[in-house]
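Enquirer: predicted model and sequence follow; I will ask about them next.
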Amino acid sequence: MNMAHLDVNRLLVQMVSVDRIAPNPYNPARDNPKLVKQIAEDIERNGIHSIESALLFKPKKIPLPKGRDLMFWDGESRWKAVKLLKLPKMDARIDPKMTDDEAIALMYRKNNERNTIDPIKEAFLFAREAGPGKPKTYKEVAEEFNVTEDYVKHSVMLTKLVGSVRRIVSHDTFFTPSHMEIIATLSPKDQLKATLEIKERELPVKEARDYIENNYGSKNPLLQTSRNGPIQEPKPPMTPERAIEIVEKAEEMRSHAPERPAPSELLGESAVPPEEVSEAVLKERLHAVLECVELSVTVVCQKCAEKFESPNPELTVKRIVNREKLQSLLYA
């Protein structure tokens, strides 16, 4: 990522209405009400211009709440302090050329330098970029955020933590990212029990790992994978070519399977595809089906995030955009 143009000193400091600014949903920083209160007290003592200017950009892809046109890549705690004091404006620098990806990467690096990263938010941030069906590899994400590839791979494992465990480990400073990674190797039903046991015994990382291996090791292959072998790259996204490959393998397996009722007996004649379909026709049909479905509709919904116990309010939605055409293709 080329960030040569990102010199904040060239940007004019201006007073910006707090109501124009939206928090960044990909901010990986820990929530820190104590810091917000300290900043507010500093403003009360020394005035609004005593604090460092917030750094803002105009998002191109990240959705904004109605009536807002700016978003943070640095300065959210200062904004919260200003709002706490019910002040209408704050000092800020706006970079009109900054892209969404640059803002997210710089915001991460700033928080990493300050040691204010929330491991759970960090994991969901990395998982947004790399994973099954995502556009980037772990290596590309590591370069973007200035960390190692192994760091990204192990961080993403924390997205496997269930909501009840995430709430505990996020608010208890006893748990380190290494503790969280060990717990994430367990099945959802075992995670909470292990978390409470590790906390009650106040087990250091090595002892926590030994405890989980002794109590859950025989049914926990993920733990051995994370310790002794590389975590595999995410599977490639589905394409017409890969779909054809899957269909061919399924047909081969079906040829060795016991006889089952014909599809027409279960679903009616309209559900039965032609007996012989050429590869070219199948590819064409798959492309047409994919054109009927929007695969990357992204929405930001805090209520949805709370409902699904996710710290990341981004949800990716698959939406049928041409239902009639899709039905005609599937039941041709």
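Expert: Received, thanks. Numbers count the residues shown, from 1 in each chain.

Enquirer: can you give me the neighbour number for T99?
Expert: 16 (other C-beta atoms under 10 Å). In this view, the C-beta of every residue, glycine as well, is placed from N, C-alpha and C.

Enquirer: my read is that it contacts K58, right?
Expert: No: contact criterion C-beta atoms under 8 Å: T99 and K58 do not qualify, at 10.0 Å.

Enquirer: flag the shaky bits of the stretch 51-200 of the chain, pLDDT-wise.
Expert: By pLDDT under 70, the low-scoring segments of the stretch 51-200 of the chain are 132.

Enquirer: helices along that one, start to end?
Expert: In the stretch 51-200 of the chain, the segments counted as helices under DSSP state H, counting those that start in this stretch are 76-84, 100-114, 119-129, 138-145, 149-156, 163-171, 177-184, 188-201.

Enquirer: could these go into TSV alongside mean neighbour count and distance to N46?
Expert: Converted to TSV, the helices of the stretch 51-200 of the chain look like this (neighbours: other C-beta atoms under 10 Å; distance: least, C-beta to C-beta, whole Å):
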stretch	mean neighbour count	distance to N46
helix 76-84	20	12
helix 100-114	18	21
helix 119-129	24	31
helix 138-145	20	34
helix 149-156	20	38
helix 163-171	18	32
helix 177-184	22	36
helix 188-201	16	41
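
Enquirer: out of these, flag the one nearest R45.
Expert: Ranking the helices of the stretch 51-200 of the chain by their distance to R45 (criterion: C-beta to C-beta) puts helix 76-84 first, at 12.2 Å.

Enquirer: who touches that closest one?
Expert: Applying C-beta atoms under 8 Å, 6 or more residues apart in numbering, the set of residues contacting helix 76-84 from outside is 18, 21, 23-24, 27, 29, 32, 35-37, 39-40, 43, 48, 51-52, 54, 72, 89-90.

Enquirer: let me have the helices of the stretch 51-200 of the chain in a markdown table, adding distance to R209 as columns.
Expert: Shown next, in a markdown table, are these (distance: least, C-beta to C-beta, whole Å):
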| stretch | distance to R209 |
| --- | --- |
| helix 76-84 | 35 |
| helix 100-114 | 25 |
| helix 119-129 | 17 |
| helix 138-145 | 23 |
| helix 149-156 | 13 |
| helix 163-171 | 15 |
| helix 177-184 | 5 |
| helix 188-201 | 10 |
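
Enquirer: quick one: closest of those helices to N215.
Expert: Using C-beta to C-beta, these put helix 188-201 closest to N215, at 7.6 Å.

Enquirer: quick one, that closest one and helix 177-184 angle?
Expert: Helix 188-201 and helix 177-184 meet at an angle of 140 degrees, taking axes from the mean of the first three to the mean of the last three C-alpha atoms, to 10 degrees as the criterion.

Enquirer: what packs against the next helix or strand after helix 188-201?
Expert: On the C-terminal side of helix 188-201, the nearest following helix or strand under DSSP states H and E is helix 205-216. Other helices and strands packing on helix 205-216, by 3 or more C-beta pairs under 8 Å, 6 or more residues apart in numbering; DSSP states H and E, are helix 177-184, helix 188-201, helix 221-228.

Enquirer: how about 6 Å then?
Expert: helix 177-184, helix 188-201 (3 or more C-beta pairs under 6 Å, 6 or more residues apart in numbering; DSSP states H and E).

Enquirer: CA atoms only: put it into PDB for me.
Expert: Taking Å, rounded to 0.1, in the frame of the first residue of the first chain, the C-alpha atoms of helix 205-216 are listed here in PDB:
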ATOM      1  CA  VAL A 205      -0.200 -19.500  29.400                       C
ATOM      2  CA  LYS A 206       1.900 -22.600  29.600                       C
ATOM      3  CA  GLU A 207      -0.100 -24.100  32.400                       C
ATOM      4  CA  ALA A 208      -3.300 -23.200  30.700                       C
ATOM      5  CA  ARG A 209      -2.200 -25.000  27.500                       C
ATOM      6  CA  ASP A 210      -1.200 -28.100  29.600                       C
ATOM      7  CA  TYR A 211      -4.600 -28.000  31.400                       C
ATOM      8  CA  ILE A 212      -6.500 -27.900  28.100                       C
ATOM      9  CA  GLU A 213      -4.300 -30.700  26.500                       C
ATOM     10  CA  ASN A 214      -4.900 -32.900  29.600                       C
ATOM     11  CA  ASN A 215      -8.600 -32.300  29.800                       C
ATOM     12  CA  TYR A 216      -9.600 -31.800  26.100                       C
END
